[in-house]
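In: Build the 3D model from these lines:
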Amino acid sequence: MGADQIAIIRPAIVEAVAGTPDTCATLVADGIAARWVQFMDNTINVAYPYETDPQERVKDLPPIAGMKLQEWAERTFATFEIPPSDAGAIARWIDDYFVSALGCPVDYGIDVTLEQM
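Out: Model prediction:
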């Protein structure tokens, strides 16, 4: 888990939650467009470059109680619904996803964009 990355991700989650329900935080690792995660309105949408069920891929990530796979498309994306949760827990999950699922190094760089959808 990268403390530097969590220190960037967590405020983006807090700001998205504090904004309108249509505030989206898009996080891109190392400036590589294929390594992205979005958080909006208790939903985490992730780049998903695999053919297998995302629930298997994320089962070892830090748990977010009540997280449910909403939809997914092979080699494209996976969307998870989560109940209102602690921004720190969401940030840890996202950080671990970048490293474990998207293959980012532990010290990856991250760009954040907040926008109204």
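In: burial of the nearest residue to M67 once chain neighbours are set aside, as a residue count?
Out: Spatially, and ignoring its direct neighbours in sequence, M67 is nearest to I82 (4.9 Å; C-beta to C-beta, 6 or more residues apart in numbering). Just so you know, the C-beta spots here come from the backbone N, C-alpha and C atoms, and that holds for glycine as well. Residues lying near I82 (other C-beta atoms under 10 Å) number 18.
In: hang on, I82 packs against T43?
Out: Yes - I82 is in contact with T43 according to C-beta atoms under 8 Å; the separation is 7.2 Å.
In: Contacts only, for the residue nearest to M67.
Out: By C-beta atoms under 8 Å, 6 or more residues apart in numbering, the residues touching I82 are 42-44, 64, 66-68, 90.
In: List buried residues within those.
Out: Burial by neighbour count, 16 or more other C-beta atoms under 10 Å: within the contacts of I82 this picks out 42, 44, 64, 67, 90.
In: Grab the two from the contacts of I82 that are most spread out in space.
Out: K68 and I90 (14.6 Å; C-beta to C-beta).
In: residues of stretch 3-16 that come out buried?
Out: In terms of neighbour count (16+ other C-beta under 10 Å), stretch 3-16 has its buried residues at 5-6, 8-10, 12-13, 16.
In: same question, stretch 74-81
Out: Within stretch 74-81, the residues scored as buried using 16+ other C-beta under 10 Å are 77-80.
In: Take those residues and lay them out in JSON lines including distance to D111.
Out: Below are these laid out as JSON lines (distance: C-beta to C-beta, whole Å):
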{"residue": "F77", "distance to D111": "18"}
{"residue": "A78", "distance to D111": "21"}
{"residue": "T79", "distance to D111": "21"}
{"residue": "F80", "distance to D111": "22"}
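In: Just send those back as JSON lines, with distance to E115, secondary structure and pLDDT too.
Out: Formatted as JSON lines, those follow (distance: C-beta to C-beta, whole Å; DSSP: H, G, I helix; E, B strand; the rest coil; pLDDT from 0 to 100):
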{"residue": "F77", "distance to E115": "18", "secondary structure": "strand", "pLDDT": "98"}
{"residue": "A78", "distance to E115": "21", "secondary structure": "strand", "pLDDT": "98"}
{"residue": "T79", "distance to E115": "18", "secondary structure": "strand", "pLDDT": "98"}
{"residue": "F80", "distance to E115": "20", "secondary structure": "strand", "pLDDT": "98"}
